[in-house]
Each structure stands twice: as C-alpha cells, then as structure tokens.
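Asker: Sequence first, predicted model second:
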Amino acid sequence: MKSPVYLAAAAVFVSSGVQLASAAAVVDTAASNAAKCCGIIETAFPKKTYSPNNQANLYQQFVNSYFSVNDRLTPSCAVSPANTEDVAAIVALLAKASCQFAVKSGGHGILTGSSNIAKGVTIDLRGMRTVTLDKEKKTATVQTGAKWIDVYKYLDPLGYAIPGGRAGDVGVGGLTTGGGNSFFAARYGFACDNVKNFEVVLGSGKIVQANNATNPDLFTALKGGSNNLGIVTRFDFVAFEQSDLWGGVAMYDVKTVPAQIEAFYKFTENLVNDPFGSLIFVWNYFPATKSITIMNLYEYTKNLTGPVTTYPPPFKGFAPDSPVGPPISNTLRVTNLSSLTGELNSPANLSNLYATLTFTNTLPVLQEVVRILNRELEIYKKTPFYEYASIEFQPLPRLFTNHSLERGGNVLGLDRYTDNNVLFLLDMAWNGTQHDAEIRSLADNVMGNLTSYLKGAGALKEFQYLNYAFQDQDPLGVMGRWQTGAWGLEAGGGGEGE
C-alpha cells in the first residue's frame, strides 16, 4: 500500500524545487553557526573531519576534487563518513543543532552549491565507494561515493554490467537519482529504473530501505527526484551479463551536418528495431583555433567477442558508404565499458554551464534547430573568452519510457509523451570567473531563440533533464506539476526551482 505521507512529501519537495542530498542536503535556518557545527562534528569524528585549520592537506584535496570550479566552495569543514551508520550519526547531530550542510558524492555537478556549501558542513562520501556483485541474485551493490569508472572496472572482469554513466568520472549518486541516461537505455531504461533498493538516511538520521515492498513511494520519488527526501548511501542495481561491446568516437567535417541530422532522425525513429544502439551527436566550437568539429559517440551494446569490420545495423546511416561519408578519424573498436567511458570524460578544472531542452524528433524541426545554431555560432565566433562551446543531440525515444514503466515507473514524467523526442544540451566551459556574465548572455540568447522557435512550432516539450538543467530552469517543478496531478495531490510550496 502506498504511503500518502511520502506522496505528499514528494509533491512538496519536488514542486517547490527544494533539494536535499546528493544534489545538496541543506537544513535551512538563520540560527546556524558553522563554527559550532564543525565543533560538534569534529568532537564526534575527530579523524574524519578536516578544515583549513585541521588536516589542511586533506581539506584542500577535498576542495580540489570537485569537477567544476563552480562548486569549489570552501565549507567551514568537511567530514568523511566510512559507512551508512556514520552518515546517520552525522545527520542526526547536524539536524539537532540546526546546522547547514551539503552532501558530495561524485562532485561532478556544475551548479554552485549543488554538492557543496560556503559556510557550513559538507558530508564527503568519497570514502564510501565499494562495489560488490551477487551473481545468483544478479544484483550489483554500489555505495554512493563511487564513480562510474569504479563500477565498470569492478564489473568488467566479471562479465557483468549495469546501466550507468557514459563518462567514467561522473558520480553514481547524482547521475542515478537525477534519472541517468546510459548506453543501455534502449534496452533497460534509465539508470534509476534499474535500482532494486535504495538505502537512505532520512533528515532525522534514521536509516531506511526503499524498494517496491518497503517505503514504495520513497522508492519511486528517488527515481529521478534527485535524492530530495534523504541521503542515499547505497544502491542495489539489477545486473546483467555483458561482454565487450563496439563503440568509440568518430570525428567528421562540419560539411557533413545536413547528412548527419537526417541520419540522427532516422536512428532515433528506428532504435526500437535494434535497441542495442546508443548515439550522441556533438557539435563543438573551439575559439582558440576557430575550429568546428563534429563528433559522434557510437556504442553498440550487443555482446561481442571479435572485431567488427562494418558498422552495426543501427549505424548504417552513418557508415562510410552512407551520405555522411567516412569519418576524418575514429577510435571505434570492440572493448569494455571502462575503456569506452574513460575516453568520454570532459575537461575538469574549468567553470561550466549546462542548459537543456527537449523537443519532438522530426526532420524539419531538427533542420531548423541547426539553422538557428548556425546563426548563433556567428555571434559565438566574436567572443573568444571561453574554452569551448558544445551542442549535443541525444535520442530520447518512447522506448526508454516503456522500459521505465515495465520496471515500476519513475518521477521523470516522460510517460506523458507517446512520440520520440530529442534531448538537447548546451555545454560551455571557460577559465576563471571574470567572463561569467558574457557566457551567461551567450547561453541565454541561444536558448531563448531555440525555445521561441520550438514553442511556435509546437515541438517544445516541458520535460527538462535534471542532470543537464541550468540554474534558472525548473526540472523539479516540472516533475512536481506532473506527478502531483498523476497522484491526485495538490502541490505544496510553489517556490521556483534552481
């Protein structure tokens, strides 16, 4: 039986955009005193707490461990729990003292404050990254502090896999609770759909399990709700047998874009016929060299044992004898997940901006989006103070959602769409912070023009992928408006999400 308490809580937190846990766990009170709170934690965990004045080397390593400069804040202290019981004790102490705190798992988020805090305590989960496999139960157990490369390096030699991050440096916690696209989405749905059980520390410090039988509404809310109702400390994933797979990166001349777009459209429409395919179309501009590169990320997840001499069936539209033509260079090969995800890591130690849209997969819409991007590129070429600007198109077919529903559903809200869609990402990176305003202006302009066109064409979808959302976008609010209606609840709060 579903608990109305968790349903109502999910409605309030998701619709109001409040974020607690792997994105950021915050007990918001003006009475919080960071020095007092750090004193409480250091007394209880003297060897596991570090600050500028206590184990300063560990503290600086912690600050530098964040992927993006955006989130390299300097908390008053950080504490590194060794297990779930430590997390529960820390949360209980912080809650009792009304302390502000944040939680870091992989630390790959690019929003300031997404997993860190300037004045307060950050719970650093990097010490909790154990991965185990039960072959009989086909269950992989992963602690939240692990990165996906940790998972794949453990599972690859055992001949098993789970749906997870496509870049090895991304953390398990944030990606999974935010939904989690993967190479295997066309076969098994999102990463969150493949969680059998969450171990969760609630705001009171209580440890609970969330699965289909125990706390089922909390279980559903954590599948895409970004860990808003507690701190997930362990994931139990459905594991499956997986040998090596075909994939890699193929680079193309920008002149191939028209043919690429047509092939992308057909790939998305036909993925249901061969769900072993995975594709990301990337359009990069590098102002330092004034160069544009087209980069396709291909993966074919059918178990393979030998070399592949021709492109697998889903990628025939991109094959060397297709209108796209042969790539300029490529790393296509048969290898394991550790190798494939290791080459897809983005450059770290930069300031970053993500923004996202979702729109209907039709060829005329894709072609007009490309025309708009070409116009915007001329503006980008006049502003050379960033490292790169990247545009990504990713298939988001109904097939993904069908698998989600087969596994009990999630809170992403994609089940409202019966058609095939495209997930769009704008990704920009730059050094320092002095050009933040100019970068923001460039992003606002391109996103505004795209949104205006897509709305007018009736192609814009309300869904915003949380893991790609900009700080002014409202993915949790979108989820909340949909889920509260689906559950027959009135949304609480009403504040705007970040």
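Answerer: That came in fine, so what should we check first?
Asker: How much space separates Ala437 from Ala443?
Answerer: From Ala437 over to Ala443 the distance is 11 Å, taken as Cβ to Cβ, to the nearest Å. Backbone N, C-alpha and C define where each C-beta goes, glycine included.
Asker: meant to ask about Val63
Answerer: Taking Cβ to Cβ, one finds Val63 at 26 Å from Ala443.
Asker: Could you pull out the helices in the stretch 101-250 of the chain for me?
Answerer: Per DSSP state H, counting those that start in this stretch, the stretch 101-250 of the chain carries helices over the ranges 148-155, 172-177, 185-188, 216-221.
Asker: Nearest to Phe235, out of those helices?
Answerer: Phe235 sits nearest to helix 172-177 of all the helices of the stretch 101-250 of the chain, at 6.1 Å, using Cβ to Cβ.
Asker: quick one: contacts of that closest one?
Answerer: Outside helix 172-177, the residues that touch it by Cβ atoms under 8 Å, 6 or more residues apart in numbering are 21-23, 105-106, 108-109, 114-115, 125, 142-148, 150-151, 164-165, 191-192, 195, 222-227, 232, 235, 467.
Asker: most packed of the helices of the stretch 101-250 of the chain?
Answerer: Mean neighbour count (mean count of other Cβ atoms under 10 Å) peaks for helix 172-177 among those, with a mean of 30.
Asker: Can I get it in CSV? Just the C-alpha atoms.
Answerer: Only the C-alpha atoms of helix 172-177 are listed here, as CSV (Å, rounded to 0.1, in the frame of the first residue of the first chain):
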residue,chain,number,x,y,z
VAL,A,172,26.9,7.2,-9.2
GLY,A,173,24.8,9.1,-6.7
GLY,A,174,23.9,12.3,-8.6
LEU,A,175,23.5,10.6,-12.0
THR,A,176,21.2,7.9,-10.7
THR,A,177,18.9,10.0,-8.6
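Asker: Give the rounded mean pLDDT of it.
Answerer: Mean pLDDT, computed over helix 172-177, is 97.
Asker: Check stretch 354-361 too.
Answerer: 98.
Asker: just stretch 226-236 next, same as before
Answerer: For stretch 226-236, the mean pLDDT works out to 91.
Asker: Equivalent analysis for stretch 455-464, please.
Answerer: Stretch 455-464 carries an average pLDDT of 98.
Asker: buried residues in that stretch?
Answerer: Residues of stretch 455-464 classed as buried by neighbour count (16 or more other Cβ atoms under 10 Å): 459-461, 463-464.
Asker: Turn those into TSV, columns for distance to Leu332.
Answerer: Listed next are the buried residues of stretch 455-464 as TSV, based on distance: Cβ to Cβ, whole Å:
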residue	distance to Leu332
Ala459	32
Leu460	34
Lys461	32
Phe463	31
Gln464	32
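Asker: out of those, which are inside strands?
Answerer: If you go by DSSP state E, the buried residues of stretch 455-464 have 460-461 in strands.
Asker: Other residues contacting stretch 39-56?
Answerer: Under the criterion Cβ under 8 Å, 6+ apart, residues 38, 58-59, 62, 74, 76-82, 86, 89-90, 93-94, 97, 99, 121, 127 lie in contact with stretch 39-56.
Asker: Tell me which residues of that stretch come out buried.
Answerer: 40-42, 45, 48-51, 55.
Asker: Repeat that for stretch 125-139.
Answerer: By 16+ other Cβ under 10 Å, the buried positions in stretch 125-139 come out as 125-126, 128-129, 131, 133, 139.
Asker: Same question for stretch 114-121.
Answerer: For stretch 114-121, by 16+ other Cβ under 10 Å, it's 114-117, 120-121.
Asker: That one: how far from the chain's middle?
Answerer: Here stretch 114-121 shows a centroid-to-chain-centroid distance of 20 Å under the convention Cα atoms, centre = their mean, to the nearest Å.
Asker: Which strands and helices lie in contact with the longest strand along the chain?
Answerer: Using DSSP E to define each element, the chain has its longest strand at strand 291-304. In terms of contacts (3 or more Cβ pairs under 8 Å, 6 or more residues apart in numbering; DSSP states H and E), strand 291-304 is packed against strand 244-252, helix 257-270, strand 277-286.
Asker: JSON lines please, covering those and showing distance to Gln394.
Answerer: Formatted as JSON lines, the helices and strands packed on strand 291-304 follow (distance: least, Cβ to Cβ, whole Å):
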{"stretch": "strand 244-252", "distance to Gln394": "15"}
{"stretch": "helix 257-270", "distance to Gln394": "9"}
{"stretch": "strand 277-286", "distance to Gln394": "5"}
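Asker: Select, out of those, the one closest to Leu454.
Answerer: helix 257-270 (15.5 Å).
Asker: starting at the chain centroid, how far to the closest one?
Answerer: With Cα atoms, centre = their mean, you get 24 Å for helix 257-270.
Asker: tell me the angle of that helix relative to strand 291-304?
Answerer: 30 degrees (axes from the mean of the first three to the mean of the last three Cα atoms, to 10 degrees).
Asker: Helix 257-270 versus strand 277-286: what angle between them?
Answerer: Counting by the same axes, to 10 degrees, helix 257-270 points 150 degrees away from the direction of strand 277-286.
Asker: what does stretch 383-394 rub up against?
Answerer: With Cβ under 8 Å, 6+ apart, stretch 383-394 has contacts from 181, 264, 279-288, 347, 350, 366, 373, 380, 422-431, 435, 438-439, 442.
Asker: Check stretch 400-419 too.
Answerer: With contact meaning Cβ under 8 Å, 6+ apart, stretch 400-419 is reached by 10, 14, 179, 185-190, 192-194, 212, 220-221, 223-225, 360-361, 396, 398, 461-463, 478-479, 482-483.
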